[in-house]
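> Output the structure for:
(one chain, ligands or ions: 2)
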Amino acid sequence: MKVKNSEFTISAVKESQYPKDGLPQIVLVGKSNVGKSSFINTLINRKNLARTSSAPGKTRLINFYKIYGATELNKKSEDVEVENSTNNLQDTNFYFVDLPGYGYSKMSQKEQIEVGRFIEDYFKKKNKEITLVIFLVDIRHNPTEDDKLMYDYIIKQNIPCIVIANKADKIAKTKVDDEVQKIQQYLNPLHDLHFLPFSSERKIYTEQAWSEIEKYL
Ligand code: GTP
Ligand code: MG
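Ligands and ions are numbered 1, 2, ... in the order given. Predicted coordinates for the structure are as follows:
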């Protein structure tokens, strides 16, 4: 993916505010502080388009970021005569949707309920624009009870999902594959989903993440 441009679109609290242009939406889900907003920034190579903070619970609303990307024309279309043969790229525009993080213990119960409601409202609209859920967990720990509940909820939505084990910089390189395996064994014993390591801190595994995401665009 070549990201040509990216922009903040809207912080939405209700469905009527969600974009209506029909572009695909790729949504980030995960507990507070796991690195959802950082993940977006790392992939699009912007320092702080998606707001991040060391204070967890930063993302309280549903933030839409419009990405103007270009992908290489796939093999099939190589057979077709391309008008401009020097330009082998096709426009691929979509949204990254940054959902509020759940499970931040310092949030009041009222706030936690509100976060849950935002997330549910977003998925309930069941629109076909949601093309992929990127579910983030922390590579250092077994998924929390909240993670498990959210993961099960997402699987029930029947939307494609990949799982990112984030903060891979925090463990030894030699342990990364094992930890990803362990997390997958726990969440997805059937091993029918893609689980990938990632690190926004070190900006590693970004190519792998992009190539997985591109499959859904
Ligand atoms: P909420 O908006 O509260 O739900 O959090 P979030 O999931 O968007 O997390 P955010 O991207 O704001 O990152 C939270 C903290 O973790 C920040 O201090 C980031 O710098 C840090 N962080 C994010 N990704 C990584 C990573 O891959 N490695 C390390 N070491 N730190 C990271
Ligand atoms: Mg955030």
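
> Of all the helices and strands in the protein, which has the lowest average confidence?
helix 75-78 (a mean of 52; mean pLDDT, DSSP states H and E).

> Report how many residues lie close to the residue nearest to Ser11 when sequence neighbours are not counted.
For Ser11, ignoring the flanking residues on the chain, the nearest one in space by Cβ to Cβ, 6 or more residues apart in numbering is Leu61 at 4.0 Å. (Glycine included, C-beta is placed from N, CA and C.) For Leu61, the neighbour count with other Cβ atoms under 10 Å is 15.

> do the same with Lys106
For Lys106, the count of nearby residues is 9 (other Cβ under 10 Å).

> hang on, the earlier thing: OK, contacts around the residue nearest to Ser11?
Leu61 is in contact with Ser11, Ala12, Val13, Pro100, Phe118, counting by Cβ atoms under 8 Å, 6 or more residues apart in numbering.

> hmm, 7 Å instead?
The contact partners of Leu61, by Cβ atoms under 7 Å, 6 or more residues apart in numbering, come to Ser11, Ala12, Val13, Pro100.

> next one: Leu193
Contacts for Leu193 (Cβ under 7 Å, 6+ apart) come out as Cys161, Ile162, Val163.

> Just grab the bridge partners of the first one for me.
On the basis of DSSP bridges, Cys161 takes part in beta bridges with Val133.

> Next: the one 5 residues further on.
Taking DSSP bridges, one obtains Asp138 as the residues bridged to Asn166.

> Next: Ile67.
Under the criterion used (DSSP bridges), Ile67 bridges to Ser6, Phe94.

> Looking at the helix ranked longest in the chain now, give me its mean pLDDT.
If you go by DSSP state H, the chain has its longest helix at helix 109-124. Average pLDDT, helix 109-124: 87.

> so what's the nearest residue to Ile26 once chain neighbours are set aside up against?
Excluding its sequence neighbours, the residue lying closest to Ile26 (Cβ to Cβ, 6+ apart) is Leu132, at 4.8 Å. Taking Cβ under 7 Å, 6+ apart, we find Leu132 in contact with Ile26, Pro160, Ile162, Ile213, Tyr216.

> ok, residues contacting stretch 21-35?
Surrounding stretch 21-35, the residues in contact under the criterion Cβ under 7 Å, 6+ apart are 36, 39-40, 56-57, 93-99, 101-104, 129-138, 144, 146-147, 150, 154, 166-167, 200, 213, 217.

> If any of these are buried, put those into a PyMOL selection.
Remark: buried members of the contacts of stretch 21-35, expressed as a PyMOL selection using 16 or more other Cβ atoms under 10 Å:
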select buried, resi 36+39+40+56+57+94+95+96+97+98+99+101+102+103+104+129+130+131+132+133+134+135+136+137+138+146+147+150+154+166+167+200+213+217
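
> From the contacts of stretch 21-35, which land in helices?
For these, the ones inside helices are Lys36, Phe39, Ile40, Asp146, Asp147, Met150, Ile154, Ile213, with DSSP H as the criterion.
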